[in-house]
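Engineer: take this sequence and fold it.
(one chain, ligands or ions: 1)
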Amino acid sequence: PTAPNDLSAFWMPFTANRQFKKSPRMFVAAEGMHYTTAEGRKVLDGTAGLWCCNAGHKRPKIVEAIQQQAAELDYAPAFQMGHPKAFELANRLVGIAPEPMEHVFFTNSGSESVETALKIAIAYHRARGDASRTRLIGRERGYHGVNFGGISVGGIVNNRKHFGALLTGVDHLPHTHIPENQFTRGQPEHGATLADDLERICALHDPSTIAAVIVEPMAGSTGVLIPPKGYLQRLRDICSKHGILLIFDEVITGFGRIGGAFAAETFDVMPDMITCAKGLTNGVIPMGAVLTTADIHDAFMTGPENLIELFHGYTYSGNPIASAAGIATLETYAEEGLFDRAHDLGQYWEDAVHSLRGLPHVIDCRNLGLIAGIELEPMAGKPTARAFEAFLRCYDKGVLIRTTGDIIALSPPLIIEKSHIDELFGTIADVLKDLP
Ligand code: PMP
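Structural biologist: Okay, the predicted model is just below:
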(Lines give C-alpha, C1' and ligand atoms only; values in the text may rest on other atoms or scores of the structure.)
Protein backbone atom coordinates (compact mmCIF):
# COMPACT_ATOMS: atom_id res chain seq x y z
CA PRO A 1 0.00 0.00 0.00
CA THR A 2 1.07 3.57 -0.65
CA ALA A 3 0.13 6.88 0.97
CA PRO A 4 -2.08 9.40 -0.87
CA ASN A 5 -0.54 12.63 -2.15
CA ASP A 6 -3.54 14.86 -1.56
CA LEU A 7 -4.14 15.41 2.16
CA SER A 8 -6.62 18.24 1.80
CA ALA A 9 -10.03 16.64 2.28
CA PHE A 10 -9.69 14.45 5.34
CA TRP A 11 -9.87 16.18 8.70
CA MET A 12 -7.60 14.47 11.21
CA PRO A 13 -8.76 14.68 14.84
CA PHE A 14 -8.23 18.36 15.32
CA THR A 15 -5.89 18.13 18.27
CA ALA A 16 -3.41 16.23 16.10
CA ASN A 17 -4.10 18.08 12.89
CA ARG A 18 -1.62 20.94 12.95
CA GLN A 19 1.38 18.83 13.90
CA PHE A 20 0.45 16.21 11.35
CA LYS A 21 0.05 18.60 8.43
CA LYS A 22 3.56 19.95 9.12
CA SER A 23 5.18 16.54 8.87
CA PRO A 24 2.79 13.84 7.68
CA ARG A 25 3.43 10.39 9.06
CA MET A 26 1.36 7.54 7.71
CA PHE A 27 1.05 3.90 8.43
CA VAL A 28 -0.02 1.71 5.53
CA ALA A 29 0.17 -1.77 7.06
CA ALA A 30 0.58 -3.56 10.38
CA GLU A 31 1.32 -7.03 11.68
CA GLY A 32 2.04 -8.38 15.14
CA MET A 33 4.13 -5.84 17.07
CA HIS A 34 4.91 -3.65 14.06
CA TYR A 35 3.52 -0.98 11.82
CA THR A 36 4.81 -0.32 8.31
CA THR A 37 5.15 3.31 7.28
CA ALA A 38 4.37 4.76 3.86
CA GLU A 39 8.15 4.74 3.24
CA GLY A 40 8.28 1.02 3.96
CA ARG A 41 9.94 1.30 7.41
CA LYS A 42 8.96 -1.02 10.27
CA VAL A 43 7.95 0.73 13.50
CA LEU A 44 7.68 -1.11 16.81
CA ASP A 45 4.27 -0.42 18.37
CA GLY A 46 4.82 0.78 21.93
CA THR A 47 1.24 1.97 22.33
CA ALA A 48 -1.03 -0.77 20.94
CA GLY A 49 -2.31 1.79 18.46
CA LEU A 50 -4.22 4.05 20.82
CA TRP A 51 -4.19 1.67 23.82
CA CYS A 52 -6.44 -0.69 21.87
CA CYS A 53 -4.69 -3.35 19.78
CA ASN A 54 -3.99 -5.51 22.83
CA ALA A 55 -3.52 -8.71 20.79
CA GLY A 56 -1.24 -6.97 18.28
CA HIS A 57 -2.01 -6.35 14.64
CA LYS A 58 -3.53 -8.34 11.80
CA ARG A 59 -4.49 -11.28 13.95
CA PRO A 60 -5.71 -14.04 11.56
CA LYS A 61 -8.61 -15.18 13.72
CA ILE A 62 -10.03 -11.67 13.94
CA VAL A 63 -9.52 -10.98 10.23
CA GLU A 64 -11.28 -14.24 9.32
CA ALA A 65 -14.17 -13.61 11.71
CA ILE A 66 -14.82 -10.21 10.18
CA GLN A 67 -14.67 -11.58 6.64
CA GLN A 68 -16.99 -14.46 7.43
CA GLN A 69 -19.51 -12.32 9.26
CA ALA A 70 -19.61 -9.72 6.49
CA ALA A 71 -20.39 -12.49 4.03
CA GLU A 72 -23.05 -14.05 6.28
CA LEU A 73 -25.05 -11.30 8.02
CA ASP A 74 -23.84 -7.76 7.62
CA TYR A 75 -26.39 -5.90 9.71
CA ALA A 76 -29.47 -6.52 11.82
CA PRO A 77 -31.67 -3.67 13.11
CA ALA A 78 -30.54 -3.12 16.67
CA PHE A 79 -33.91 -2.29 18.20
CA GLN A 80 -36.42 -4.77 16.82
CA MET A 81 -34.24 -7.75 16.00
CA GLY A 82 -31.49 -9.74 17.58
CA HIS A 83 -28.74 -11.81 16.04
CA PRO A 84 -26.75 -14.61 17.66
CA LYS A 85 -23.31 -13.00 17.67
CA ALA A 86 -24.33 -10.06 19.87
CA PHE A 87 -25.73 -12.45 22.48
CA GLU A 88 -22.69 -14.68 22.25
CA LEU A 89 -20.32 -11.75 22.73
CA ALA A 90 -22.39 -10.39 25.64
CA ASN A 91 -22.28 -13.79 27.35
CA ARG A 92 -18.55 -14.13 26.80
CA LEU A 93 -17.97 -10.64 28.14
CA VAL A 94 -19.99 -11.37 31.25
CA GLY A 95 -17.99 -14.60 31.55
CA ILE A 96 -14.69 -12.75 31.90
CA ALA A 97 -16.06 -9.75 33.85
CA PRO A 98 -16.04 -9.60 37.64
CA GLU A 99 -18.95 -11.55 39.08
CA PRO A 100 -21.54 -8.88 39.84
CA MET A 101 -21.48 -7.72 36.20
CA GLU A 102 -24.32 -9.61 34.55
CA HIS A 103 -25.58 -7.47 31.68
CA VAL A 104 -24.06 -5.75 28.68
CA PHE A 105 -25.19 -2.69 26.75
CA PHE A 106 -23.26 -2.33 23.49
CA THR A 107 -22.02 1.01 22.16
CA ASN A 108 -19.54 2.00 19.45
CA SER A 109 -16.75 3.74 21.34
CA GLY A 110 -15.38 4.64 24.73
CA SER A 111 -17.09 8.03 24.60
CA GLU A 112 -20.44 6.43 23.89
CA SER A 113 -19.93 3.92 26.69
CA VAL A 114 -19.38 6.81 29.08
CA GLU A 115 -22.47 8.72 27.89
CA THR A 116 -24.49 5.54 28.19
CA ALA A 117 -23.27 4.75 31.70
CA LEU A 118 -24.00 8.29 32.93
CA LYS A 119 -27.51 8.11 31.50
CA ILE A 120 -28.07 4.65 32.94
CA ALA A 121 -27.00 5.95 36.36
CA ILE A 122 -29.54 8.77 36.34
CA ALA A 123 -32.24 6.58 34.81
CA TYR A 124 -31.58 3.84 37.37
CA HIS A 125 -32.34 6.12 40.29
CA ARG A 126 -35.36 7.47 38.46
CA ALA A 127 -36.66 3.98 37.71
CA ARG A 128 -36.50 3.35 41.46
CA GLY A 129 -38.58 6.42 42.16
CA ASP A 130 -35.70 8.79 42.95
CA ALA A 131 -35.71 11.45 40.22
CA SER A 132 -33.69 13.93 42.29
CA ARG A 133 -30.43 12.02 41.97
CA THR A 134 -28.92 13.68 38.92
CA ARG A 135 -25.54 15.00 40.04
CA LEU A 136 -22.42 13.39 38.63
CA ILE A 137 -18.94 13.41 40.10
CA GLY A 138 -15.75 12.90 38.10
CA ARG A 139 -12.11 13.56 38.91
CA GLU A 140 -9.64 16.26 38.06
CA ARG A 141 -7.42 14.81 35.33
CA GLY A 142 -10.02 12.15 34.60
CA TYR A 143 -10.54 11.45 30.88
CA HIS A 144 -13.86 10.09 29.70
CA GLY A 145 -13.93 10.82 25.99
CA VAL A 146 -14.98 13.86 24.04
CA ASN A 147 -18.76 13.91 24.01
CA PHE A 148 -20.67 16.39 26.16
CA GLY A 149 -21.23 14.10 29.13
CA GLY A 150 -17.65 12.86 29.00
CA ILE A 151 -16.08 16.32 28.88
CA SER A 152 -18.40 17.48 31.67
CA VAL A 153 -17.35 14.75 34.10
CA GLY A 154 -13.83 14.68 32.65
CA GLY A 155 -11.23 16.67 34.48
CA ILE A 156 -9.36 18.33 31.64
CA VAL A 157 -10.40 21.97 31.73
CA ASN A 158 -9.02 22.66 28.24
CA ASN A 159 -11.27 19.99 26.77
CA ARG A 160 -14.43 21.62 28.08
CA LYS A 161 -13.87 25.34 28.40
CA HIS A 162 -14.75 26.24 24.79
CA PHE A 163 -18.01 24.36 24.51
CA GLY A 164 -20.57 26.46 26.33
CA ALA A 165 -23.26 24.75 28.35
CA LEU A 166 -22.18 21.39 29.66
CA LEU A 167 -23.94 19.03 32.03
CA THR A 168 -25.03 20.87 35.13
CA GLY A 169 -24.60 19.54 38.65
CA VAL A 170 -21.16 18.08 37.97
CA ASP A 171 -18.30 18.26 40.43
CA HIS A 172 -14.75 16.92 40.37
CA LEU A 173 -12.73 15.14 42.99
CA PRO A 174 -9.34 16.78 43.49
CA HIS A 175 -6.36 15.31 41.70
CA THR A 176 -4.66 12.74 43.92
CA HIS A 177 -1.66 11.62 42.02
CA ILE A 178 1.61 11.46 43.87
CA PRO A 179 4.81 10.55 42.08
CA GLU A 180 6.05 6.99 41.79
CA ASN A 181 4.01 3.85 42.15
CA GLN A 182 1.88 4.57 45.14
CA PHE A 183 -0.42 1.65 44.42
CA THR A 184 2.36 -0.85 44.72
CA ARG A 185 4.42 0.98 47.31
CA GLY A 186 2.15 3.27 49.31
CA GLN A 187 0.19 2.86 52.52
CA PRO A 188 -3.56 2.11 52.19
CA GLU A 189 -4.44 4.72 54.82
CA HIS A 190 -2.97 7.42 52.63
CA GLY A 191 -5.20 6.65 49.64
CA ALA A 192 -8.24 6.31 51.86
CA THR A 193 -7.63 9.77 53.31
CA LEU A 194 -7.42 11.25 49.81
CA ALA A 195 -10.70 9.62 48.83
CA ASP A 196 -12.34 11.37 51.76
CA ASP A 197 -12.62 14.34 49.41
CA LEU A 198 -15.73 12.58 48.18
CA GLU A 199 -17.25 12.95 51.65
CA ARG A 200 -16.53 16.67 51.48
CA ILE A 201 -18.28 16.90 48.10
CA CYS A 202 -21.21 14.90 49.48
CA ALA A 203 -21.48 17.28 52.44
CA LEU A 204 -21.44 20.22 50.03
CA HIS A 205 -24.24 19.00 47.79
CA ASP A 206 -26.36 16.60 49.84
CA PRO A 207 -25.40 13.05 48.88
CA SER A 208 -28.99 12.12 48.06
CA THR A 209 -28.74 14.28 44.93
CA ILE A 210 -25.68 12.43 43.56
CA ALA A 211 -26.38 9.76 40.95
CA ALA A 212 -22.88 8.47 40.28
CA VAL A 213 -19.16 8.86 40.66
CA ILE A 214 -17.13 8.01 37.56
CA VAL A 215 -13.40 7.34 37.71
CA GLU A 216 -10.79 5.56 35.67
CA PRO A 217 -9.37 3.00 38.09
CA MET A 218 -6.03 4.14 36.73
CA ALA A 219 -6.07 7.32 34.66
CA GLY A 220 -4.41 6.59 31.31
CA SER A 221 -4.73 9.41 28.80
CA THR A 222 -3.80 12.09 31.31
CA GLY A 223 -0.45 10.50 32.00
CA VAL A 224 -0.71 7.04 33.58
CA LEU A 225 -1.68 8.10 37.09
CA ILE A 226 -1.67 5.12 39.40
CA PRO A 227 -4.15 5.44 42.26
CA PRO A 228 -2.81 5.55 45.77
CA LYS A 229 -3.37 2.33 47.65
CA GLY A 230 -6.73 2.33 49.46
CA TYR A 231 -8.15 5.13 47.29
CA LEU A 232 -10.59 3.14 45.16
CA GLN A 233 -11.82 1.05 48.07
CA ARG A 234 -12.60 4.17 50.09
CA LEU A 235 -14.48 5.66 47.11
CA ARG A 236 -16.47 2.42 46.95
CA ASP A 237 -17.28 2.58 50.66
CA ILE A 238 -18.43 6.20 50.50
CA CYS A 239 -20.58 5.56 47.40
CA SER A 240 -22.20 2.52 49.02
CA LYS A 241 -22.88 4.46 52.21
CA HIS A 242 -24.77 7.19 50.31
CA GLY A 243 -26.49 5.04 47.66
CA ILE A 244 -24.32 6.54 44.89
CA LEU A 245 -23.39 4.36 41.92
CA LEU A 246 -19.68 3.88 41.22
CA ILE A 247 -18.66 3.66 37.57
CA PHE A 248 -15.21 2.43 36.56
CA ASP A 249 -14.21 3.72 33.14
CA GLU A 250 -12.07 0.80 31.97
CA VAL A 251 -11.70 1.88 28.36
CA ILE A 252 -7.92 1.64 28.79
CA THR A 253 -7.54 -0.67 31.79
CA GLY A 254 -9.90 -3.33 30.40
CA PHE A 255 -8.75 -6.44 28.54
CA GLY A 256 -5.50 -7.32 30.21
CA ARG A 257 -3.65 -4.02 30.32
CA ILE A 258 -2.85 -4.29 34.02
CA GLY A 259 -3.50 -8.02 34.41
CA GLY A 260 -6.80 -9.91 34.43
CA ALA A 261 -9.69 -8.88 32.24
CA PHE A 262 -10.59 -5.75 34.21
CA ALA A 263 -8.85 -3.47 36.71
CA ALA A 264 -11.78 -3.90 39.10
CA GLU A 265 -10.38 -7.37 39.79
CA THR A 266 -6.76 -6.27 39.97
CA PHE A 267 -7.62 -3.59 42.52
CA ASP A 268 -10.19 -5.86 44.14
CA VAL A 269 -12.79 -3.08 44.22
CA MET A 270 -16.17 -3.66 42.60
CA PRO A 271 -17.99 -0.83 40.82
CA ASP A 272 -21.68 -0.89 39.83
CA MET A 273 -20.87 -0.36 36.16
CA ILE A 274 -17.83 -0.81 33.95
CA THR A 275 -17.39 1.06 30.68
CA CYS A 276 -15.10 -0.44 28.07
CA ALA A 277 -14.20 -0.23 24.36
CA LYS A 278 -10.77 -0.31 22.63
CA GLY A 279 -9.48 -3.82 23.50
CA LEU A 280 -13.00 -5.27 23.20
CA THR A 281 -12.46 -5.68 19.45
CA ASN A 282 -8.68 -5.29 19.55
CA GLY A 283 -9.20 -1.79 18.14
CA VAL A 284 -10.11 -3.29 14.78
CA ILE A 285 -13.76 -2.26 14.61
CA PRO A 286 -15.46 0.46 16.67
CA MET A 287 -17.28 -1.10 19.59
CA GLY A 288 -17.78 -0.36 23.25
CA ALA A 289 -19.86 -1.74 26.07
CA VAL A 290 -21.29 -0.91 29.45
CA LEU A 291 -21.36 -3.76 31.94
CA THR A 292 -23.89 -3.51 34.71
CA THR A 293 -25.06 -5.44 37.73
CA ALA A 294 -28.39 -7.30 37.67
CA ASP A 295 -29.77 -4.71 40.08
CA ILE A 296 -29.25 -1.92 37.56
CA HIS A 297 -30.56 -3.96 34.64
CA ASP A 298 -33.64 -5.08 36.55
CA ALA A 299 -34.53 -1.54 37.59
CA PHE A 300 -35.25 -0.81 33.93
CA MET A 301 -36.70 -4.07 32.87
CA THR A 302 -39.12 -4.37 35.77
CA GLY A 303 -39.35 -0.80 37.07
CA PRO A 304 -42.10 1.73 36.42
CA GLU A 305 -40.17 3.46 33.63
CA ASN A 306 -38.59 0.93 31.33
CA LEU A 307 -35.97 1.41 28.67
CA ILE A 308 -38.57 2.06 25.99
CA GLU A 309 -39.68 5.19 27.80
CA LEU A 310 -36.12 6.18 28.71
CA PHE A 311 -35.04 5.68 25.11
CA HIS A 312 -31.37 5.09 24.55
CA GLY A 313 -29.59 3.01 21.92
CA TYR A 314 -27.41 3.25 18.85
CA THR A 315 -27.98 2.10 15.25
CA TYR A 316 -24.78 0.08 15.48
CA SER A 317 -25.22 -1.29 19.03
CA GLY A 318 -24.08 -4.92 18.86
CA ASN A 319 -23.41 -4.72 15.13
CA PRO A 320 -22.89 -8.27 13.76
CA ILE A 321 -19.44 -7.64 12.29
CA ALA A 322 -18.24 -5.85 15.42
CA SER A 323 -19.69 -8.65 17.56
CA ALA A 324 -17.88 -11.26 15.46
CA ALA A 325 -14.65 -9.29 15.82
CA GLY A 326 -15.25 -9.06 19.58
CA ILE A 327 -15.77 -12.82 19.92
CA ALA A 328 -12.62 -13.56 17.91
CA THR A 329 -10.70 -11.03 19.99
CA LEU A 330 -11.77 -12.55 23.31
CA GLU A 331 -10.90 -16.00 21.93
CA THR A 332 -7.46 -14.78 20.91
CA TYR A 333 -6.85 -13.31 24.37
CA ALA A 334 -7.91 -16.60 25.98
CA GLU A 335 -6.03 -18.95 23.63
CA GLU A 336 -2.81 -17.00 23.98
CA GLY A 337 -3.16 -16.30 27.71
CA LEU A 338 -2.75 -12.58 27.02
CA PHE A 339 -4.38 -11.45 30.27
CA ASP A 340 -1.49 -13.14 32.09
CA ARG A 341 1.16 -11.22 30.19
CA ALA A 342 0.96 -8.18 32.47
CA HIS A 343 1.83 -10.45 35.41
CA ASP A 344 4.38 -12.59 33.58
CA LEU A 345 6.29 -9.64 32.15
CA GLY A 346 5.45 -7.19 34.94
CA GLN A 347 8.82 -7.26 36.70
CA TYR A 348 10.81 -7.10 33.48
CA TRP A 349 8.66 -4.18 32.33
CA GLU A 350 9.00 -2.42 35.70
CA ASP A 351 12.80 -2.77 35.65
CA ALA A 352 12.91 -1.40 32.10
CA VAL A 353 10.68 1.57 32.99
CA HIS A 354 12.74 2.46 36.03
CA SER A 355 16.02 2.07 34.13
CA LEU A 356 15.17 5.48 32.67
CA ARG A 357 15.44 7.15 36.07
CA GLY A 358 18.34 9.54 36.22
CA LEU A 359 18.39 10.17 32.47
CA PRO A 360 18.17 13.82 31.38
CA HIS A 361 14.74 15.46 31.88
CA VAL A 362 13.14 12.42 33.53
CA ILE A 363 11.29 13.54 36.65
CA ASP A 364 9.13 10.51 37.34
CA CYS A 365 8.68 6.92 36.14
CA ARG A 366 5.60 4.88 36.97
CA ASN A 367 4.20 1.57 35.82
CA LEU A 368 1.56 -1.03 36.42
CA GLY A 369 0.96 -4.20 34.43
CA LEU A 370 2.01 -3.41 30.87
CA ILE A 371 1.54 0.33 31.04
CA ALA A 372 3.97 3.07 31.92
CA GLY A 373 4.24 6.82 32.28
CA ILE A 374 7.58 8.60 32.01
CA GLU A 375 7.23 12.20 33.01
CA LEU A 376 9.66 14.73 31.56
CA GLU A 377 10.55 18.15 32.87
CA PRO A 378 8.67 20.58 30.60
CA MET A 379 10.81 22.82 28.40
CA ALA A 380 10.82 26.38 29.76
CA GLY A 381 7.99 28.34 28.12
CA LYS A 382 7.10 25.44 25.80
CA PRO A 383 5.01 22.85 27.57
CA THR A 384 4.63 19.55 25.67
CA ALA A 385 7.43 20.46 23.18
CA ARG A 386 10.07 18.25 24.79
CA ALA A 387 7.89 15.15 24.93
CA PHE A 388 6.68 15.71 21.38
CA GLU A 389 10.28 15.97 20.22
CA ALA A 390 10.94 12.64 21.99
CA PHE A 391 8.00 11.16 20.08
CA LEU A 392 9.38 12.37 16.73
CA ARG A 393 12.89 11.10 17.45
CA CYS A 394 11.63 7.70 18.63
CA TYR A 395 9.51 7.45 15.49
CA ASP A 396 12.56 8.20 13.33
CA LYS A 397 14.39 5.42 15.17
CA GLY A 398 11.55 2.97 14.52
CA VAL A 399 9.60 3.03 17.78
CA LEU A 400 6.08 4.37 18.32
CA ILE A 401 5.45 6.01 21.69
CA ARG A 402 2.60 8.26 22.78
CA THR A 403 2.91 11.54 24.58
CA THR A 404 0.32 13.30 26.64
CA GLY A 405 1.47 16.69 27.86
CA ASP A 406 5.07 16.12 28.92
CA ILE A 407 4.47 12.51 29.79
CA ILE A 408 5.50 9.58 27.61
CA ALA A 409 2.79 6.93 27.86
CA LEU A 410 3.55 3.34 26.88
CA SER A 411 1.02 0.53 26.49
CA PRO A 412 2.31 -2.06 24.01
CA PRO A 413 0.33 -4.95 22.59
CA LEU A 414 0.23 -7.72 25.19
CA ILE A 415 2.04 -10.06 22.78
CA ILE A 416 5.21 -8.07 23.43
CA GLU A 417 8.39 -10.08 24.07
CA LYS A 418 11.37 -9.17 26.25
CA SER A 419 13.43 -8.34 23.16
CA HIS A 420 10.80 -5.75 22.16
CA ILE A 421 10.87 -4.28 25.66
CA ASP A 422 14.66 -3.96 25.36
CA GLU A 423 14.30 -2.24 21.99
CA LEU A 424 11.55 0.10 23.21
CA PHE A 425 13.38 1.30 26.30
CA GLY A 426 16.80 1.24 24.62
CA THR A 427 15.48 3.61 21.96
CA ILE A 428 13.77 5.89 24.49
CA ALA A 429 16.97 6.01 26.57
CA ASP A 430 19.04 6.94 23.50
CA VAL A 431 16.58 9.66 22.59
CA LEU A 432 16.46 11.08 26.11
CA LYS A 433 20.24 11.31 26.28
CA ASP A 434 20.45 14.11 23.74
CA LEU A 435 16.98 15.58 23.84
CA PRO A 436 16.94 19.42 23.98
N1 PMP B 1 -12.58 6.78 28.54
C2 PMP B 1 -11.28 6.54 28.69
C3 PMP B 1 -10.76 6.15 30.02
C4 PMP B 1 -10.42 6.64 27.59
O5 PMP B 1 -9.11 6.43 27.75
C6 PMP B 1 -10.95 6.98 26.34
C7 PMP B 1 -10.07 7.08 25.10
N8 PMP B 1 -8.73 7.23 25.29
C9 PMP B 1 -12.32 7.22 26.24
C10 PMP B 1 -13.10 7.10 27.35
C11 PMP B 1 -12.93 7.59 24.92
O12 PMP B 1 -12.90 6.54 24.05
P13 PMP B 1 -13.15 6.78 22.47
O14 PMP B 1 -11.97 7.54 21.97
O15 PMP B 1 -13.26 5.39 21.93
O16 PMP B 1 -14.42 7.52 22.34
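
Engineer: name the helix or strand for Ala387, please.
Structural biologist: Using DSSP states H and E, Ala387 sits in helix 385-396.

Engineer: just checking, what packs against that helix?
Structural biologist: With contacts taken as 3 or more C-beta pairs under 8 Å, 6 or more residues apart in numbering; DSSP states H and E, helix 385-396 sits against strand 371-376, strand 402-404, strand 407-410, helix 418-433. Heads up, the C-betas are built off the backbone N, CA and C, glycines and all.

Engineer: in stretch 46-60, what's buried?
Structural biologist: Going by neighbour count (16 or more other C-beta atoms under 10 Å), the buried part of stretch 46-60 is Gly46, Thr47, Ala48, Gly49, Trp51, Cys52, Cys53, Asn54, Ala55, Gly56, His57, Arg59.

Engineer: can you list these in TSV and add secondary structure and distance to the ligand?
Structural biologist: Formatted as TSV, the buried residues of stretch 46-60 follow (DSSP: H, G, I helix; E, B strand; the rest coil; distance: C-beta to the nearest ligand atom, whole Å):
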residue	secondary structure	distance to the ligand
Gly46	coil	16
Thr47	coil	11
Ala48	helix	12
Gly49	helix	11
Trp51	helix	6
Cys52	coil	8
Cys53	coil	13
Asn54	coil	13
Ala55	coil	17
Gly56	coil	19
His57	strand	18
Arg59	coil	20
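
Engineer: just the closest of those to Ser240, please.
Structural biologist: Trp51 (29.7 Å; C-beta to C-beta).

Engineer: what sits against that closest one?
Structural biologist: Trp51 sits next to Gly220, Ser221, Val251, Ile252, Arg257, Lys278, Gly279, Ser411 when contact means C-beta atoms under 8 Å, 6 or more residues apart in numbering.

Engineer: out of these, which is nearest to the ligand?
Structural biologist: Val251 (3.5 Å; C-beta to the nearest ligand atom).

Engineer: next, the contact list for Met218, please.
Structural biologist: Phe183, Val224, Leu225, Ile226, Pro227, Ile252, Thr253, Ile258, Ala263, Leu368, Ile371.

Engineer: list the contacts of whichever residue of the chain sits closest to the ligand.
Structural biologist: The chain approaches the ligand most closely through Gly110 (2.2 Å), counting by C-beta to the nearest ligand atom. Contacts of Gly110 were listed using C-beta under 8 Å, 6+ apart, and they are His144, Gly145, Asp249, Val251, Thr275, Cys276, Ala277, Lys278, Gly288.

Engineer: ok, back up a step: so how far is the helix or strand just after the helix holding Ala387 off the chain centroid?
Structural biologist: Counting by DSSP H and E, the next helix or strand C-terminal to helix 385-396 is strand 399-400. Distance, stretch centre to chain centre, for strand 399-400: 20 Å (C-alpha atoms, centre = their mean, to the nearest Å).

Engineer: partners of strand 399-400 in the sheet?
Structural biologist: Partner strands and pairing direction for strand 399-400 (DSSP bridges) are strand 42-45 (parallel).

Engineer: in the stretch 1-150 of the chain, which ranges drop under the pLDDT threshold?
Structural biologist: For the stretch 1-150 of the chain, the stretches with pLDDT under 70 are 14-19.

Engineer: the helices in it, which residues?
Structural biologist: For the stretch 1-150 of the chain, the helices defined by DSSP state H, counting those that start in this stretch occupy 14-22, 48-51, 60-72, 84-96, 110-127, 148-153.

Engineer: how about the stretch 251-400 of the chain?
Structural biologist: Per DSSP H, counting those that start in this stretch, the stretch 251-400 of the chain carries helices over the ranges 263-266, 294-302, 320-335, 341-344, 346-354, 385-396.

Engineer: looking at these, which one has the lowest mean pLDDT?
Structural biologist: Mean pLDDT values for the helices of the stretch 251-400 of the chain show the minimum at helix 294-302, a mean of 83.

Engineer: in that one, which residues are buried?
Structural biologist: Within helix 294-302, the residues that count as buried by 16+ other C-beta under 10 Å are Ile296, His297, Ala299, Phe300.

Engineer: how much space separates the first one from Ala380?
Structural biologist: Pointing back at Ile296 there. Taking C-beta to C-beta, to the nearest Å as the measure, Ile296 falls 50 Å from Ala380.

Engineer: again, but for Glu336
Structural biologist: For Glu336 relative to Ala380 (C-beta to C-beta), the value is 46 Å.

Engineer: make JSON lines from the helices and strands packed on helix 385-396 and add mean pLDDT, mean neighbour count and distance to Val114 to it.
Structural biologist: Converted to JSON lines, the helices and strands packed on helix 385-396 look like this (pLDDT from 0 to 100; neighbours: other C-beta atoms under 10 Å; distance: least, C-beta to C-beta, whole Å):
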{"stretch": "strand 371-376", "mean pLDDT": "96", "mean neighbour count": "25", "distance to Val114": "20"}
{"stretch": "strand 402-404", "mean pLDDT": "95", "mean neighbour count": "19", "distance to Val114": "18"}
{"stretch": "strand 407-410", "mean pLDDT": "98", "mean neighbour count": "25", "distance to Val114": "20"}
{"stretch": "helix 418-433", "mean pLDDT": "98", "mean neighbour count": "17", "distance to Val114": "30"}
